[in-house]
Structure formats: C-alpha cells, structure tokens
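**Student:** mind folding the following:
(chains A and B)
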Amino acid sequence: MEPTFVDRRRLMGAALAWGALSNLPVAQAAELITPSQSRLLVDVVDAVIPRTDTPGASDVGVHRFLVMALEHGLEGSRDPSLPGPKGRDHLDWLAAHLRQTGEKDIARAVAIVDQAAFAAGPASPPTPWTRIKSLILLGYYMSEAGATQELRYELVPGHWDPDVPVSGDNRAWSSDWTALTFG
Amino acid sequence: MSNYEFDAIVVGSGITGGWAAKELTEAGLKVLLIERGRQITHGQDYATETTPPWELPFHGAGDAALYDEKYPVQRRNRAFDEWTQGHFINDIDNPYSTAAGSEAFLWLRSYQLGGRSLTWGRQTYRWSDYDFEANKRDGHGTDWPIRYADLAPWYDHVEEFIGVSGSVECIAALPDGRFQPPMALNIVEQHVKSAIEGNFPDRRLIIGRTANLTQEKEGRATCQNRNICARGCSYGAYFSTQSSTLPAAQATGRLTLVTDTIVEAVEHDPATGKATGVLVVDANTGARRRHTARLIFLNAGAFNSTHLLLRSRSAAFPNGLANSSGVLGTHIMDHANAVSAVAIIPGFDQHTTYGNRPTGIVIPRFRNLDRNDAPRFTRGYSYQGGAFQGGWTGGKRMPGVGADFKARLRTPQAWRMVLVTYAESLPLASNRLTLDPNRKDKHGMPVLQIAFQHGENERTALADAAAEAKAMLTAAGGQVVISITEPGLGGSSIHEMGGARMGWDPKTSVLDRFSRAHDVPNLFVTDGAQMSSSACQNPSLTYMALTARACHHAVSLLKQGSI
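**Tutor:** As a prediction, the model looks like this:
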C-alpha cells in the first residue's frame, strides 16, 4: 500500500464501510473530508507513527479512523465544555496550525505543533493537537498491525507470571487492559 | 397446598437474587425469579468476549457521540467500554432524578439476567466486628442487630460455593475466609509490601481477594488471566449469576425464570398483614399481570428494592410498604473514593509480567481500630490498587512524534503504583431516596429521586488517606505524581447501599436481624438496601451471606407454619 496517496474511490469505500459500522448516515460519511484534507492527514498520521520495521499509521488507515473518531466526539473532541474546534473542525485547525509553522515539510511542521502543545508540560489540559494525537495513537495501536506487530496482543494469556526478567523482545502488550486504562 | 402460584418470588437476578433463587429452590421451594432486563445466556450471549479491538468501529473506545446522548451516566463506569456497553442500561430509558441542592449522583446499573454480577469488580471481603459494632460505638446510624459470629458460617457457605482466591493473613479488621489459592503479587507490589510493612508496623499489603477461580469448580474453569471479565466469561471463571447460582437453581427443576418483566409493586393484604405477591409490567408491551407467592424476596439492588417498596403504597402503608417507621429510603451510603496516590517506582526496569491478573492489592483498614489513632474522623478507610507498567496510552500525554516516539511506545512504560481509597460512608438521614413527585417513567411509575452528599467525615478521612498513601509510597522509593483528596461523585464506588436498614427496633428500622421486614412477616430484602453501615470493604460478599442466612431463616419459618 502506498502510504502517501489515497485515491478517492478507496476513501469512499472506507467511508461507506465506516458509515455502515457506526450508524452514521453514509452520504455524510462519504463527504466528511476533501481529497486534499485526506492527503494532508496521511502525512500527519505518518509523521506521528511512521512506517519502520512495522507498518505506519496510514498503512493501517489511521487517517480515516481519525476523521470518524473526531466526527463522533472521541477524546472530548465534541465536548461543548472544552474550548477549541469541535469534531471535524479539528482538521481545519490542524491545517491552519501546520501552515503557521512556516514549514513545508509536514513531518517537521507536526513536530513543531507537537512541541508547542506540550510546552506547558505533560500535565497541561488537552488541546486540539493532543486530542488529534491521542486519536492517532488509538487508531494505530488498536489496529491489527499496531496491536499484534508493533506491540503484542494475547487475548487468552492463560496464566499469570508476576516477575518476568526482561529479555531481548520487551514489546508492550496491547492486551494489557490495566496498562491502557491507567497508563 | 395453597392458592399461591409459587412458594417464593425473588425480584432481581443479580448477585443476591441468584443466591436467593439457589438457596430457596435447593430447600425445596418452587420459586419464580423475575428479572426486569433481557435474557443473557451464559457463554453464547457474551457477544464481544473475544472481539479484537480492530474489529470494533471505535477500537474499543466506543462511540462518544452515542454515549453522550444515551449513556451520559453509565459511561462514567470504568468497566463501560465498546465491548461491554451492552451490559449497561441506557440512561434515556431509565431515568432518575437528583434532589434539589444535592450533588449529582452516578447511579450505575445493569438491567439484564445476572444484573451487575456480570460487570462487578469481584473483590470479595468479609466484614469484621469493627464494622458491625461501629454504629453502636460512635452513635452514627442504628446498631446492627447482628455481629460477625452470626454471619461467619454464612460467609463460609458463600465463599465455598462461589470460589474466592485469597491469602490467609490473620488480620482482625479483614477476617480470613475459605479461600482458593491466592493470585501472586507482582515484583513491584512485593517491594512496596516490604517497604510498607517494614516502616509502618500497623499496616499490611496483601493480594486482593477476588471471586475469580484459581482452582476449577464443577462446570467452571480457572481464570485465564485475561482481565476482561465485564464482557462475560464463557470459562465461568468469575462468579456471576450465570456461571454459578443460576445453574444450581435450575438444576433443582423448581425454578421459573421470567425476564423483561418489571415489578411495579409488592401487593399486601391488610387482613393478614402479609405480602401476597407482585404486580408486574411487561417491559416490552407494558401489559400488567400479577404473581402470587407465600414468600417475597427483594433483590433488585439497594436503590431499586427501596424504590419498589416506596411505590408499593396502600391504605395500610401510605408511605411505602414496610415503612411504618418512616425510615424507608433514608441513610443511603456509598464509599467515598479517591486516587490517593500514584507513584513512579524506579529500579524495576528489568522486570515485567505476563498475563492480566484480574485483581489488585488491598491495604486493609488500619485507622481507628483498637485505638482512636486518627481522632479527626471516625471509622476508617482501606486502599485498593496495584503496580503496573504503563502502555501506549501514556503516549497521549507525552511529547514527541516520529520513529523515536514510536520506539519509545514499543516497550512498557515506567512502573507505577496506584492506591485508591475507599472510605467508610456514614449513614445519614439526609442522604435518602424518595419518589420524584413530578416525574414518571415510560411505564407511568414515579422515578426515583436521590439526595446524597459526602460529609466532612469522609473528606477528612480521604485527606488522611492521601497523606498516608504518599508517605507509604515515598517510603517505597516512589515519586508521587498524583494525589487526590476530593471524593468522586456519590455512586462512583458502585457500592450504593442502605435505604431499608436492618435494626433492632421496628420504630427506627425497616428490617429485622434476618433481613425480614418488621412490618410484613413474609417479606425479605437481602440486597444492599438492608445495610445499616457501609464499612470500607466491598460489600457484595456480605450481601450474599446475609441472603443465604435469610433464606435459611425464611424456609424454617415456612416449615414451622409461622408465615
């Protein structure tokens, strides 16, 4: 799969599938974003999670997941009590802030936006970027490749070992629900 | 033999209703078990049990827009997610109100066969005489008409049947039970245990006692260490109505189960003084019908059983059935909880774990036991929690992007130790349930109105708990990163209890020492509604033991012909 190009037909297909799964009206889902927004999102999600020895974010469709997740208000992205853009308007916010960096290279622009969002420290309240970033991580690490290739997924561990010495492969468990809840 | 359809009617099929159905049918009674929610068949109806996150539209996080619209309260339950949402009610269809001037209350509910036994936290603790004597000692609430010795054999009986894994510890405030082998503390919890017990001689850190099997029982496999219990467990490895009590009741051939049926009122004959049966509403069609029985057990959950009594009004009981005292609905409680401390514990980077243990640790109550060592508040608190390594979700709060960031999230994050406090909730008359005078549900029944506020005692206890948690984790070499003293909203412990309290005096309590209504000799309430105090332990085991004891008593009264 070519990570930097999404053709309109494949995007439509994905949007239709999402629409069917999420009860969102299909016509609305198919019209959620423009091709240029989609191209930008491919670059943005890959800037956060690039392809390495395992697939990157756009390889597993995180750019599409992100749009639906914003549309459905995940991570408080539609919370009326929080300041900032709502739902899909996060994409306009993102495009504007990437432009404001003056960087043509999207990966560098994303790094600048990320730095700015965390400038006040990790405990600062969510910002539009931290919401977007959180959804990129959700889309990736809970995808099949993210959960099972980048991390490890075991639905039925079968036993509990309270002390395992760390060896070569110390990948985290995407199925460690306590870690995900409190981590 | 009689004109009654059944020997007993049990209202509600959750943790205590399943127990009542089992005990009464095994004693030879013909029992009708009524559940307001849908049928969920063990194993086959746990629809999302094995679904991987990538097959869910929102990867397990769920449709926030849907949750805002239909589950604004239920979504606050930590067990509520895209896998488990079907095991919780829809808030739109199941309204309640909060009294003017009261804080918001989170009434977290599961209306289905098995009720909250499918979604509970499974922590299983005995109460001690520090708890049963507490009301008498400090004068809050009414004296419990039972003591530990009354309940001890029933604790044995319940633990042996449901299967509880735990360690024998000889701690006076947290009596030992009939345990299956304990689950193990992880390497960091062992370290923190040593540090706490070495520095604070009055304190212990032990593995959480949990109703997850470490040895097989008939028809039930051992825990697979998945820790996704609330989806339903087709191994039957945790106690639920479906895995445990329902099959036992059904095996007698004397159980009739109806689902999708709401009990609107308990009917009462003023001539005999007894309850005669129940008026029910078909949840789907709204059709009304009645069922009759010689015995009525209410096991709908503390607030729903109280609600049912409040709306069972008659000329003889204009303020609700069994409410000659006027205390029905009062003295409701829910443990005040707070994340007292989270600390990063350095030095264990070369250690990890395998598997998802479905329990944590507990530090049993150490305050105000034999000495009044924390005089600024009465009673005590205990901690639950554990040590774990963070996962990729930590990346949400971490700066960084790109290959280095991805590499950083590939391995487990730092070890952390969490201590969450559950502080005893004092029984106050002002914390109470009433019928909302202005609002009815879709079946025309007045909705429940909740007035609840944590008091100064709970806040003071949580402040002490935070200070002590920080001291203990610091002694273990931890760097404290979070410490909260403000209690979570009422209801958030999901230990709501009281409303039909037990007591010696019919003038000041609803139930007698066998969970039987003082006013109505064949009516028993054996869920959380009966509680006269809250202790600081998880209450479900005590509800189950009280239920088994009440069933035994009811059957003996029936056999004597005295009811």
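**Student:** only C-alpha atoms from now on, for both contacts and neighbour counts.
**Tutor:** Noted.
**Student:** residue ranges of the helices in chain A, please?
**Tutor:** According to DSSP state H, chain A carries its helices in the segments A:8-22, A:26-30, A:35-48, A:62-71, A:89-100, A:106-117, A:128-141, A:144-145, A:177-182.
**Student:** got CSV for these, with mean neighbour count too?
**Tutor:** Below are those laid out as CSV (neighbours: other CA atoms under 10 Å in any protein chain shown):
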stretch, mean neighbour count
helix A:8-22, 16
helix A:26-30, 17
helix A:35-48, 21
helix A:62-71, 25
helix A:89-100, 16
helix A:106-117, 19
helix A:128-141, 25
helix A:144-145, 19
helix A:177-182, 17
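**Student:** let's have the ones you listed in JSON lines, adding distance to chain B and mean pLDDT.
**Tutor:** Below are the helices of chain A laid out as JSON lines (distance: least, CA to the nearest CA, whole Å; pLDDT from 0 to 100):
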{"stretch": "helix A:8-22", "distance to chain B": "6", "mean pLDDT": "40"}
{"stretch": "helix A:26-30", "distance to chain B": "13", "mean pLDDT": "38"}
{"stretch": "helix A:35-48", "distance to chain B": "4", "mean pLDDT": "94"}
{"stretch": "helix A:62-71", "distance to chain B": "7", "mean pLDDT": "96"}
{"stretch": "helix A:89-100", "distance to chain B": "14", "mean pLDDT": "96"}
{"stretch": "helix A:106-117", "distance to chain B": "6", "mean pLDDT": "97"}
{"stretch": "helix A:128-141", "distance to chain B": "5", "mean pLDDT": "97"}
{"stretch": "helix A:144-145", "distance to chain B": "6", "mean pLDDT": "98"}
{"stretch": "helix A:177-182", "distance to chain B": "5", "mean pLDDT": "88"}
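**Student:** just send these back as CSV, with distance to B:Thr41 too.
**Tutor:** Formatted as CSV, the helices of chain A follow (distance: least, CA to CA, whole Å):
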stretch, distance to B:Thr41
helix A:8-22, 25
helix A:26-30, 34
helix A:35-48, 42
helix A:62-71, 33
helix A:89-100, 43
helix A:106-117, 48
helix A:128-141, 32
helix A:144-145, 29
helix A:177-182, 25
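**Student:** report the contact partners of B:Val418.
**Tutor:** Contact criterion CA atoms under 8 Å, 6 or more residues apart in numbering or on different chains gives B:Val339, B:Ser340, B:Ala341, B:Val342, B:Ala343, B:Gly385, B:Gly386, B:Ala387 as the residues in contact with B:Val418.
**Student:** SS state for it?
**Tutor:** Secondary structure state of B:Val418, per DSSP: H, G, I helix; E, B strand; the rest coil, is strand.
**Student:** which stretches of the stretch 351-500 of chain B have low pLDDT?
**Tutor:** By pLDDT under 70, the stretch 351-500 of chain B has no low-scoring segment.
**Student:** and it, which of its residues are near chain A?
**Tutor:** Neighbours of chain A within the stretch 351-500 of chain B, by CA under 8 Å from any CA of the partner chain: B:351-357, B:388-403, B:405-406, B:409-412.
**Student:** so which of those residues belong to strands?
**Tutor:** Among these, the members found in strands (DSSP state E) are B:His351, B:Thr352, B:Thr353, B:Tyr354, B:Phe388, B:Gln389.
**Student:** chain neighbours aside, what residue packs nearest to the first one?
**Tutor:** Using CA to CA, 6 or more residues apart in numbering or on different chains and skipping the chain neighbours, the partner closest in space to B:His351 is A:Pro165 (4.7 Å).
**Student:** next one: the fourth one
**Tutor:** The spatial neighbour of B:Tyr354 that comes closest, neighbours along the chain excluded (CA to CA, 6+ apart), is A:Asp161 at 4.9 Å.
**Student:** burial count for that neighbour?
**Tutor:** Neighbour count for A:Asp161, taken as other CA atoms under 10 Å in any protein chain shown: 18.
**Student:** now the one 4 residues further on
**Tutor:** For A:Pro165, the count of nearby residues is 12 (other CA under 10 Å).
**Student:** and the pLDDT at it?
**Tutor:** pLDDT recorded at A:Pro165 is 96.
**Student:** give me the three-state assignment for B:Asn438.
**Tutor:** Put simply, B:Asn438 is strand when judged by three-state DSSP.
**Student:** contacting residues for the nearest residue to it once chain neighbours are set aside?
**Tutor:** Taking CA to CA, 6+ apart, and ignoring the residues beside it in sequence, B:Asn438 has B:Pro446 as its nearest neighbour in space, at 7.6 Å. Shown in contact with B:Pro446 (CA under 8 Å, 6+ apart): B:Arg311, B:Leu435, B:Asp436, B:Pro437, B:Asn438, B:Arg439, B:Lys440.
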